[in-house]
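Novice: whatever this is, show me its structure:
(chains A, B, C and D)
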Protein chains: 4
Amino acid sequence: MPEANNAAVIASKAQRASASPHLRDSMLALRKVAPQRGFERREIAVPNFGPSEVLIRVEKAGVCGTDAHIYDWDKWAQKRIKPPLTIGHEFMGRVAACGATVRSLSVGDRVSGEGHIACGICFLCRTGEAHICEHVKIIGVDRDGCFAHCIVMPEVNVWKLDPAVPDEFAAVFDPLGNAVHTVMAAGVSAKSVAITGVGSIGLMAIPVARAAGAASVYAIDVKPAKLELASRVGADEVFLGSDPNLVDEILKRTNGDGVDVLLEMSGSGSAIDRGLAMVRNGGRAALLGIPSDTININLAERIIFKGLTVLGINGRKMYGTWYQAQALVKSGRVDLRPIITHILPFDQYDRAFELMSSGAAAKVVLDVKGDLAE
Amino acid sequence: MPEANNAAVIASKAQRASASPHLRDSMLALRKVAPQRGFERREIAVPNFGPSEVLIRVEKAGVCGTDAHIYDWDKWAQKRIKPPLTIGHEFMGRVAACGATVRSLSVGDRVSGEGHIACGICFLCRTGEAHICEHVKIIGVDRDGCFAHCIVMPEVNVWKLDPAVPDEFAAVFDPLGNAVHTVMAAGVSAKSVAITGVGSIGLMAIPVARAAGAASVYAIDVKPAKLELASRVGADEVFLGSDPNLVDEILKRTNGDGVDVLLEMSGSGSAIDRGLAMVRNGGRAALLGIPSDTININLAERIIFKGLTVLGINGRKMYGTWYQAQALVKSGRVDLRPIITHILPFDQYDRAFELMSSGAAAKVVLDVKGDLAE
Amino acid sequence: MPEANNAAVIASKAQRASASPHLRDSMLALRKVAPQRGFERREIAVPNFGPSEVLIRVEKAGVCGTDAHIYDWDKWAQKRIKPPLTIGHEFMGRVAACGATVRSLSVGDRVSGEGHIACGICFLCRTGEAHICEHVKIIGVDRDGCFAHCIVMPEVNVWKLDPAVPDEFAAVFDPLGNAVHTVMAAGVSAKSVAITGVGSIGLMAIPVARAAGAASVYAIDVKPAKLELASRVGADEVFLGSDPNLVDEILKRTNGDGVDVLLEMSGSGSAIDRGLAMVRNGGRAALLGIPSDTININLAERIIFKGLTVLGINGRKMYGTWYQAQALVKSGRVDLRPIITHILPFDQYDRAFELMSSGAAAKVVLDVKGDLAE
Amino acid sequence: MPEANNAAVIASKAQRASASPHLRDSMLALRKVAPQRGFERREIAVPNFGPSEVLIRVEKAGVCGTDAHIYDWDKWAQKRIKPPLTIGHEFMGRVAACGATVRSLSVGDRVSGEGHIACGICFLCRTGEAHICEHVKIIGVDRDGCFAHCIVMPEVNVWKLDPAVPDEFAAVFDPLGNAVHTVMAAGVSAKSVAITGVGSIGLMAIPVARAAGAASVYAIDVKPAKLELASRVGADEVFLGSDPNLVDEILKRTNGDGVDVLLEMSGSGSAIDRGLAMVRNGGRAALLGIPSDTININLAERIIFKGLTVLGINGRKMYGTWYQAQALVKSGRVDLRPIITHILPFDQYDRAFELMSSGAAAKVVLDVKGDLAE
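Specialist: Purely as a prediction, here's the structure:
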């Protein structure tokens, strides 16, 4: 009988030979080593990779609120995270080695990566909806992440970067992708848009919405400092969430009808309630912010009578969102520099989490690139 | 200077001459005469009509849950209804007279009518979304309704019936339209569909969903009698809402993924929660049932992580839904006879409300046609 | 029996009293008086208007290629136009008097108008598609137009202008609406766009596409002067249609795939062929330009194998396009000033047509406002 | 440095051991051996397969018009086909062996397969549009096909069959998929549908359209025998393409407006012209039939003024169409038995092509299953 041919093995040997020479066997990684607060930066082995995977040398990595939850070891983290684990899911770097069957990437390619590793087999994966695959594993959460000198990724999850994308933007393509997916799912072309909650993704959504054609963008948050940033990155007007006349103010600016589109990025029950109240009948609301608990909602008044379309948003479309994000960045109309408030060396990770918890930072990027040469 | 020409007046005289001869000046109408329980059938004047309105002799009228709320004089009714008022919003009949500028209708035309009188001027009315006009007036709720020998309707709200549509189906085109709008907004072609709540609209949604191309229809209700009817009108399988394994049973039948589409027609908080739980990731939920209060919902688990699309459904598209409803009835694939359980003479209206409150009836139609000849 | 009430007549008297006082009985109008080349500016009676119509004093009016066809009395004009007729369909002005049943407008309102008078009764009119009503009558083509001191319009066709819209932009909301409808139907948000043919509508489509979120806009025309204007109004790059490497040049700039969207505004058979060739598989092509004859097309290669979506574009959505156009102009991102190359007094209409036929003008606006005071 | 692990090799050995035992080394295959008319059935080696591929024992295979083109060695075939080549692209069978990295399939699985082998890397493949990948290779056209005892397929292209799908239906899931993709892309729910050209795919589109919710289906062909079959599988009415009143007859049945949807499956220029003429303004036309040459078309009258949406249809969505096709077959509402007019033993392949060219057959299925046991 015929045999599976051994192309895989041959290719693997060839590629190993062409991999970055003199790569060391061990590397530094930011790890949750025990079920308690904090991280440790430890020397561990550079991981092995399968025939359809690549090894990437991480250069820059973004710090996300999710990382802070894991750092703080809150309830969600205690339930989800199984130490020991390397943290981090936003990054850019360069391909260091390719598995045997890898065709679309070469050693040296400058890349970012989609951190949701989908199963590839289920109905959703097979119909263009891999971003909501039920069997997804997330890097830095369910498997080793990118706060390390190297990370292993499936070929299909690797995004080859256009030269026009700056390194620090590429490092945060994951949250930028959340913003782009939310904006594009809602559809903002020639529409009025309200954004409730301008943390780092909400802030990114502002230039994204403008570049994607929003006629007007109103930003709402409880923190004045965030609103100041929101104005800098292109919000037409900003509003304090605590303003008792908030909904009326929005109605005043939208001919009494309300905005066409709500982008909900706070996860706060009251923001969701007021956000829905400020959408016009027949409008659309895209929900990205994750409430930490159940919320009380007047479905009749807020959604049903208004004929609203409400979209649950998760992750980023694989890989439509990545193409859109790159196109928007390349067009020069999405500038993330005011949002990336800090770029810190790898060993200052504790300070990164302090800056985030104090609210002093919008987006922090770690300069992870290590010396891996022997 | 030029004058508005007097075509309106001339046309009016001509049409009056051609109106049903010997029409009497008074008629019987089912009225809420005082802020208390019950209705009274009284002799009142046949109403006047404006240049762009028509007078319709009602023949058959459907009784709706909303009418029962007004009959019972519950909290909602006390807040919304201003007696005296003629009740009723589902009907068919014949045009008895036309206002001066009416072009699309003639005396004798067999018609049904859209009971939502939209303003015609606002953004929504001018962009094909009149069904969610904020200034809508509803017949039988905000202005005199159809439980009467005659009703006045704006020309634009009148639907000329195809001869193939039976009278009793035409009398319930309003709730059939709710069912059709919900089904078509959700999109069921080649999809698996769960319906939570099979009152009269939920029941109608079953043959509508099948005719519109649903691959499978699962009906869920707390009342076994309704489930029996659901099976008769085409549900593939029916389930008691009280079944603790309900969600698992649905998952079993849908490859573990859940249904593609939920049509929520109960307004019950727990049905909404379990209904959303049984929709697959990336699926769609159309909400028509109106919760009487706020509900508690786990937005993260039920909508956001799943990437669901949730549609608030109100009324019927003007007039796309009417064309679709008529096309589906004409195709012979939507048979409402098992759902119209009772046709009663006009004077037995009290019995109609008893049948409805006891759950013995699905849809009751009143035979309203009176002797208006002098 | 009841009578149609006489609200119409009463309202009419009241409004006539409040109409612009001292309005003269006659006015100047640019007319096709006989089946031959040219127009004549003649004194004619100010027209009467019906109960649902308004009389508008025209202030500024745009000159369109269609008007030039009528001026030149070409084959199409000979077939379609029945002299005598007042020409013109792009305008802005102020309401001078309202018919009896008019509710949404008042004397003095600053307005533009949708020149497609739809029947209001047919399937398309009743389902939000009035712009493709088969019974449409166009002002300046099928009934008297706007190159006159006054024009009569149905209330529903009148667009009340936002104060932020400059007069000369308002005068060309009709062709701007063509551009907006084409752009929005195609959908350009975060997409690469090619425009074949940058006459006045093609030129308008450039800032509209950019404002609506296009990631890149490539403009193509056979006339270098038009391409220069295209660059001025925001095209990323411009290409001569005669360039034999045109398609390759576009592929080079789009990763070898082709553009996401083609906006075809030339009506030229070869432009259509090459335009379709430069769209990526799965892309969209919106066709607005009207070929004067049948064209030869390789359906298999250009549309079927590529899985293209091709949209026929006609008129403007009533009135979604108007809301979008106004929102885009108000956002400050659609500046038509470089496109409106000439504003001429009413009596220089012959020069307007010379400028257009010579190609020296992009869009010409006539200052029509006359002295109507007695 | 780390190595690509050798999971691939290990898995391969394990799976080889579990493959159908006693599989022979050679098999029969229907081959184009030389650039001339006809096929030969020859003994050739059972093919090797890669780590992400499976070997399938073919049981039943459908004969397509494309196969007939290759048999006849017409112009298209001479240009596209490089002998020697095994022909055939419609089939079902059972998995005989799996490559090392195959996870979703096991030996013995009953399967059909998507014959378009997409590159998996390009923009289209990465955004859910692999069916229009520009680098596609088609089995039986660009690489060895399924008219053989065995075929090698990439894991991702294999469709695991639901037990409810009969073998002979599974054998024609490829053309059924064309029909389903066309119907679903057009959208037929509650709509009137005309189908021009009822060859085997056009015939399949009839029950598919009905099951997917079409309110009415009109079938048009030049061959009365095909129209008879069309009636048997559910067309409401059938029309000869040669009828000079064809368009008027369709208009008569659609309220003078025309059908909502055209499914063009003939590839004939005149059918396309008349088909487009019978679509209502604002309707949709899905083009699957492939004209053998350029055609002449009045774009203005047929597409632009009507505001039509025209969809080029190619292949089947990977793999949304497959889920839909299976759901429709499982619902019991798509019965292909009247369309599969002949099931012939493998060695009667010449007769299959005779039956097809004479028009005596609609769809012919070959019983390919051979004795591969040693």
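Novice: what about the residue nearest to residue A:318 when sequence neighbours are not counted, how many neighbours?
Specialist: Nearest in space to residue A:318, with sequence neighbours left out and distances taken as C-beta to C-beta, 6 or more residues apart in numbering or on different chains, is residue A:130 at 4.5 Å. For every residue, glycine as well, the C-beta is placed using N, CA and C. For residue A:130, the neighbour count with other C-beta atoms under 10 Å in any protein chain shown is 24.
Novice: cool, and residue A:370?
Specialist: Residues near residue A:370, counting by other C-beta under 10 Å: 17.
Novice: next up, the contacts around it.
Specialist: Applying C-beta atoms under 8 Å, 6 or more residues apart in numbering or on different chains, we find residue A:370 in contact with A:27, A:28, A:149, A:346.
Novice: what about chain C: which of the residues you listed touch it?
Specialist: Among these, proximity to chain C is found for none (C-beta under 8 Å from any C-beta of the partner chain).
Novice: mind putting the residues you listed into JSON lines with secondary structure and neighbour count?
Specialist: Output for those, formatted as JSON lines (DSSP: H, G, I helix; E, B strand; the rest coil; neighbours: other C-beta atoms under 10 Å in any protein chain shown):
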{"residue": "A:27", "secondary structure": "strand", "neighbour count": "22"}
{"residue": "A:28", "secondary structure": "strand", "neighbour count": "19"}
{"residue": "A:149", "secondary structure": "coil", "neighbour count": "26"}
{"residue": "A:346", "secondary structure": "helix", "neighbour count": "20"}
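Novice: between the residues you listed, which is nearest chain C?
Specialist: Chain C lies nearest to residue A:149 out of those, by C-beta to the nearest C-beta, at 31.4 Å.
Novice: got a list of what the closest one touches?
Specialist: With C-beta under 8 Å, 6+ apart, residue A:149 has these contacts: A:27, A:28, A:29, A:46, A:57, A:58, A:368, A:369, A:370, A:372.
Novice: need phi/psi at it.
Specialist: phi -70, psi -30 (degrees, to the nearest 10).
Novice: how many residues are close by whichever residue of the stretch 101-250 of chain A sits closest to chain C?
Specialist: For the stretch 101-250 of chain A, the residue closest to chain C is residue A:213, as judged by C-beta to the nearest C-beta, at 2.6 Å. Residue A:213: 29 surrounding residues under other C-beta under 10 Å.
Novice: wait, it sits on residue C:189?
Specialist: Yes: taking C-beta atoms under 8 Å as the definition, residue A:213 is a contact partner of residue C:189 at 5.0 Å.
Novice: mutual contacts of those two, please.
Specialist: Common contacts of residue A:213 and residue C:189, defined by C-beta under 8 Å, 6+ apart, comprise A:188, A:189, C:212, C:213, C:214.
Novice: so which of those comes closest to residue D:261?
Specialist: Nearest to residue D:261 among these is residue A:189, at 26.9 Å by C-beta to C-beta.
Novice: any idea which helix or strand carries that closest one?
Specialist: If you go by DSSP states H and E, residue A:189 is not part of any helix or strand.
Novice: need the contact list for it.
Specialist: With contact taken as C-beta under 8 Å, 6+ apart, residue A:189 is in contact with A:212, A:213, A:214, C:184, C:187, C:188, C:189, C:212, C:213.
Novice: now residue A:79. Its backbone dihedrals?
Specialist: phi -80, psi -40.
Novice: cool, and residue A:292?
Specialist: For residue A:292, the backbone dihedrals are phi -80, psi -10 (criterion: degrees, to the nearest 10).
Novice: for it, give its distance to chain D.
Specialist: 33 Å (C-beta to the nearest C-beta, to the nearest Å).
Novice: spell out which parts of the stretch 101-250 of chain A neighbour chain C.
Specialist: Residues of the stretch 101-250 of chain A lying near chain C (C-beta under 8 Å from any C-beta): A:180, A:184, A:187-192, A:211-216.
Novice: do whichever strand in chain A runs longest and chain D meet?
Specialist: If you go by DSSP state E, chain A has its longest strand at strand A:53-63. Yes: Strand A:53-63 comes into contact with chain D (C-beta under 8 Å from any C-beta), by way of A:53, A:55.
Novice: C-alpha coordinates for the following helix or strand past that strand, PDB please?
Specialist: Downstream of strand A:53-63, the first helix or strand assigned by DSSP H and E is helix A:65-72. Taking C-alpha atoms only, helix A:65-72 is exported to PDB below (Å, rounded to 0.1, in the frame of the first residue of the first chain):
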ATOM      1  CA  GLY A  65      -5.900  44.700  31.000                       C
ATOM      2  CA  THR A  66      -6.200  41.000  30.900                       C
ATOM      3  CA  ASP A  67      -2.500  40.700  31.800                       C
ATOM      4  CA  ALA A  68      -3.200  43.000  34.800                       C
ATOM      5  CA  HIS A  69      -6.000  40.700  35.900                       C
ATOM      6  CA  ILE A  70      -3.500  37.800  35.800                       C
ATOM      7  CA  TYR A  71      -0.900  39.800  37.600                       C
ATOM      8  CA  ASP A  72      -3.400  40.800  40.300                       C
END
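Novice: quick one: mean pLDDT over helix A:65-72.
Specialist: Across helix A:65-72, pLDDT averages out at 96.
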